[in-house]
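>>> no sequence for this one, just the structure:
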C-alpha cells in the first residue's frame, strides 16, 4: 500500500471510502448503544417498566450511553492511527 494521492478527485474519493471502512463494525455498534440509550430513557415515560433488573431503566440508559461513546472514541483513535500510518508511507 502506498501513500494516498489526495490531489486527484477519484483517488481522494477512494481514500475516503477506505477511511469509512476502518472500524465500521465497532462504529455501528457504538451508534446502536447511543440510540438504545435514548430508548431506555424514553421507555418509562411511555408506560414501560421503571426498573430492569437491579437498576432503574434510566440508569441503564446512562450506562448504554457511556459504553457507546467509549466505543466511538476508540473508533476515532483507530481511524486517526490508520490515517497517520497511511500518510507516513513512502511513495514507491
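In hand now; what should we look at? Being a predicted model, the structure only gives us computed values, none of them experimental.
>>> where exactly do the strands run in this structure?
51-52, 55-56 (DSSP state E).
>>> Spit out the contact partners of the closest residue to residue 72 other than its chain neighbours.
Spatially, and ignoring its direct neighbours in sequence, residue 72 is nearest to residue 30 (4.0 Å; C-beta to C-beta, 6 or more residues apart in numbering). Any C-beta I mention is one placed from the backbone N, CA and C, and that applies to glycine too. Neighbouring residues of residue 30 by C-beta atoms under 8 Å, 6 or more residues apart in numbering: 68-72, 75.
>>> Show me which of those are buried.
68, 71-72, 75 (16 or more other C-beta atoms under 10 Å).
>>> per-residue confidence at the residue nearest the centre of the chain?
What sits nearest the mean C-alpha location of the chain, by C-alpha atoms, centre = their mean, is residue 27, with 2.7 Å. Residue 27 is assigned 96 on the pLDDT scale.
>>> what's in contact with the worst-scoring helix or strand of the chain on mean pLDDT?
None of the helices or strands of the chain scores lower by mean pLDDT, DSSP states H and E than strand 51-52, at a mean of 84. The contact list for strand 51-52 (C-beta under 8 Å, 6+ apart) reads 57, 60.
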